[in-house]
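**Student:** what's the 3D shape of this:
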Amino acid sequence: MDLSRIYFPGLNGLRFFAATAVIFTHVELMKKYLGFDHLWMDAGSRVSSFPALHVLRGEIHWAQPLFAEAGPLGVIFFFVLSGFLITFLLLAERKLRGSIATGAFYLRRILRIWPLYFFVLVLGFFVLPHIPWFFAGEQTARFHEHFSGSLLFYLLFLPNVAYALYMAVPNIGQSWSIGVEEQFYLLWPLLIKYTRRTLAAIIGFAAVLVVLKAIAVAFASDCPALLKFLAMSKLECMALGGAGAWVLFHRRERLLRVVHHPITQGAAFAALPLLLYFTPAFLQNGVHLLYSGVFLVIILNVAANPASLLKLENQTLNFLGRISYGIYMYHLMVVVFVLQLARRCWPATDRLGPLQNLLVYAATLLLTVVVSYLSYRYLEKWFIRRKKRVTRIISGDEAQTHGA
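**Tutor:** Predicted coordinates:
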């Protein structure tokens, strides 16, 4: 591989599907807030045993675990993918340049993340709460109780702290994960730059986080805000993605042969529904690590295995993946808008039929893609062009274009 120009095929497609999973969960969540019949399942009322048992007993609908967990799994996937890509690029820079320019790294992240983040922040705090079409039920009704505190944390790039202390900011609640990613970006280039036993440092980093979380779960049960913050801050998922990048970068062929084997690939795909429906409740606090391992196997195959069972490299998915940051950041406000439209179209019912649900999902996805494309073209792209000036390793779509 030419380390000066890095492109992993298929990852744009994975980004889009992960973003779509988040949309599915939030449609059902916002149905709950807006008074529709829904398939959402609150964390506090989820299963006391593994979900499949409760489905068989008729206590929950078979689709409830799927819709409740699709979004969180999409976020975990994004975390693993971020750790994988960022680590690989940092390792490449260190090998080619002899060191890592941390200042340039932070500037690249600022130019890619901040413009859309702050634009959405302005919409969420100052515009949408005053437009009836974006009324998000109880979320909007309680929004002003903690307006100043939430705004301060959002401005400090700590939306996950705001979420843990208060509640989701209506229409932009999903942005808590951007705070987690930024906190990871703050630490990670320093770890890669100043450690030579990189894999040991990555594994140690993840292990320390897991131990600290286990201690908190055991001894801080009377501090729900702390537990909620720790549950969201899954930096260990990103570290696992980084470990996968190290394995691929250093071409640990024996391990890669195992990961790339068709049986391993098939097992990874089969593990997703098995973990979803058969993980007992007492393991839920750690199941994200198992999902991270599964996602890492999928990433290493789609990105770096010519014999991958899953082929996602095509023009349409590349386009959708390119605008996936916008899809993630805009989709919740679109969900609320579409459900408010549904309320006006079908005012006599709180239970949407199959065709009505299909229309809601299709309209949400289509409108989110349109808004995200416009944002990418007229807002994000200007900053992306400026990012090239401080780019040391050509990667992603730029590497694909450059290599054509």
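**Student:** what about the helices in the stretch 51-200 of the chain?
**Tutor:** 51-56, 64-97, 102-122, 138-141, 147-155, 159-165, 176-194, 198-219 (DSSP state H, counting those that start in this stretch).
**Student:** So for Ser395, which of these sits nearest?
**Tutor:** With C-beta to C-beta as the criterion, Ser395 lies closest to helix 64-97 of those, at 5.8 Å. Just so you know, the C-beta spots here come from the backbone N, C-alpha and C atoms, and that holds for glycine as well.
**Student:** Make a markdown table out of the helices of the stretch 51-200 of the chain and add mean neighbour count.
**Tutor:** As requested, the helices of the stretch 51-200 of the chain are arranged in a markdown table below (neighbours: other C-beta atoms under 10 Å):
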| stretch | mean neighbour count |
| --- | --- |
| helix 51-56 | 18 |
| helix 64-97 | 22 |
| helix 102-122 | 17 |
| helix 138-141 | 16 |
| helix 147-155 | 16 |
| helix 159-165 | 23 |
| helix 176-194 | 19 |
| helix 198-219 | 15 |
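**Student:** Geometric centre of the chain: which residue is closest?
**Tutor:** Val75 (2.6 Å; C-alpha atoms, centre = their mean).
**Student:** how near is the nearest residue to Ala101 once chain neighbours are set aside to Ser82?
**Tutor:** Distances taken as C-beta to C-beta, 6 or more residues apart in numbering place Arg392 nearest to Ala101, at 6.2 Å, with adjacent residues excluded. When distance is defined by C-beta to C-beta, to the nearest Å, Arg392 is 18 Å away from Ser82.
**Student:** on that earlier part again, from memory the residue nearest to Ala101 sits against Ser99, does it?
**Tutor:** No. Contact criterion C-beta atoms under 8 Å: Arg392 and Ser99 do not qualify, at 10.2 Å.
**Student:** So these two - more neighbours on which side?
**Tutor:** Arg392 (17 against 9; other C-beta atoms under 10 Å).
**Student:** Would you enumerate the residues in contact with that one?
**Tutor:** For Arg392, the contacting residues are Glu93, Leu96, Arg97, Ala101, Ala104, by C-beta atoms under 8 Å, 6 or more residues apart in numbering.
**Student:** Using a markdown table, lay out these together with distance to Leu199.
**Tutor:** Shown next, in a markdown table, are these (distance: C-beta to C-beta, whole Å):
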| residue | distance to Leu199 |
| --- | --- |
| Glu93 | 17 |
| Leu96 | 19 |
| Arg97 | 20 |
| Ala101 | 22 |
| Ala104 | 24 |
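**Student:** And those, which two are furthest apart?
**Tutor:** Pairwise over the contacts of Arg392, using C-beta to C-beta, the maximum falls at Leu96 and Ala104, 13.5 Å.
**Student:** ok, back up a step: closest to Glu313 out of the helices of the stretch 51-200 of the chain?
**Tutor:** helix 64-97 (15.6 Å).
**Student:** what angle do that closest one and helix 102-122 make?
**Tutor:** Helix 64-97 runs at 150 degrees relative to helix 102-122, counting by axes from the mean of the first three to the mean of the last three C-alpha atoms, to 10 degrees.
**Student:** all strands in the stretch 301-404 of the chain, in order from the N-terminus.
**Tutor:** Taking DSSP state E, counting those that start in this stretch as the test, the strands found in the stretch 301-404 of the chain are 394-395.
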